[in-house]
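Trainee: Quick one: sequence plus predicted model below, questions after.
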Amino acid sequence: MEAAVSSILVALNAEMTGLVSAARRSLVRISNGRQGDGAGSVWREDGLIVTNAHVVRRSTPKVTLPDGRSLPARVLARDPERDVALLSVEATGLPAIELGDSENVQPGQWVFALGHPWGVAGAVTAGVVIGAGGGMPEMAPRREWLMVSLRLRPGNSGGPLVDVRGRLLGVNTIMTGPEVGGAVPAHVVSALVREVLIGRG
């Protein structure tokens, strides 16, 4: 019995490590001078990156890609109300993060938050979904949230919140307590991406 349980735990550990490694391939670092570093995710392989609006304090932030290259980024859109920003870097063939189903997230679902808290590159923390949708207590009204039971710290902002398959569910945004964080759902980010691309087209 003990051997069977140990085997299950080893397999589970390997799966979790694998999904985190996959999500890290799309994780970027965003620098704004002396204000500290935030995180972001590669949305499209042609250099489109998503992060929080509050992470982007300058018109030309620097983005460090997963392969170590540091490039100047152009701010395509910055929406403080939804706390989402879209950046563009001159690069192609980047590993884009896979999108998950953020509109059907359920309380109790396991999630993982990636980022660079306190300067620790590519750090990961895990927890479960507390709730999803609008009207969350103590949160900005008329906004949708993913509330999660895990630790977010400075440097997690703008990074991905992923499901157990490594797919993007949200963009890490806010700490509301020692063990509670909030993320902008991925479908809210997708809406902004569509608006910007249609506007540019």
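Mentor: Sure, I can see it. Numbers count the residues shown, from 1 in each chain.
Trainee: those strands in the protein, which residues are they?
Mentor: Ranges of strands in the chain, per DSSP state E, are 27-31, 37-42, 48-51, 62-64, 70-72, 74-79, 84-88, 110-115, 123-133, 145-149, 160-162, 168-177, 180-185.
Trainee: what lines up beside the last one in the sheet?
Mentor: To tie it back to what came earlier, the one meant is strand 180-185. strand 145-149 (antiparallel), strand 168-177 (antiparallel) (DSSP bridges).
Trainee: same question, the longest one
Mentor: Each strand that pairs with strand 123-133, with its direction, by DSSP bridges: strand 110-115 (antiparallel), strand 145-149 (antiparallel).
Trainee: partners of V148 in the sheet?
Mentor: V129, G181.
Trainee: Provide a list of residues in contact with it.
Mentor: By CB atoms under 8 Å, 6 or more residues apart in numbering, the contact list for V148 reads V111, A113, G127, V128, V129, I130, L161, V180, G181, G182, A183. Yep, even glycine has a C-beta here, placed from its N, CA and C like the rest.
Trainee: Same check on V164?
Mentor: If you count contacts by CB under 8 Å, 6+ apart, then V164 has M16, L19, Q109, W110, F112 around it.
Trainee: make it 10 Å
Mentor: By CB atoms under 10 Å, 6 or more residues apart in numbering, V164 lies in contact with E15, M16, L19, G100, Q109, W110, V111, F112, A126.
Trainee: Please apply the same query to A22.
Mentor: Contact analysis of A22 by CB under 10 Å, 6+ apart lists P95, I97, E98, V162, R165, G166, R167.
Trainee: quick revisit: for the strands paired with strand 123-133, give me JSON lines that also has distance to G122.
Mentor: What follows is the strands paired with strand 123-133, written out as JSON lines (distance: least, CB to CB, whole Å):
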{"stretch": "strand 110-115", "distance to G122": "7"}
{"stretch": "strand 145-149", "distance to G122": "19"}
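Trainee: want to throw the ones you listed into CSV with distance to L76 and mean pLDDT?
Mentor: Shown next, in CSV, are the strands paired with strand 123-133 (distance: least, CB to CB, whole Å; pLDDT from 0 to 100):
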stretch, distance to L76, mean pLDDT
strand 110-115, 21, 95
strand 145-149, 24, 93
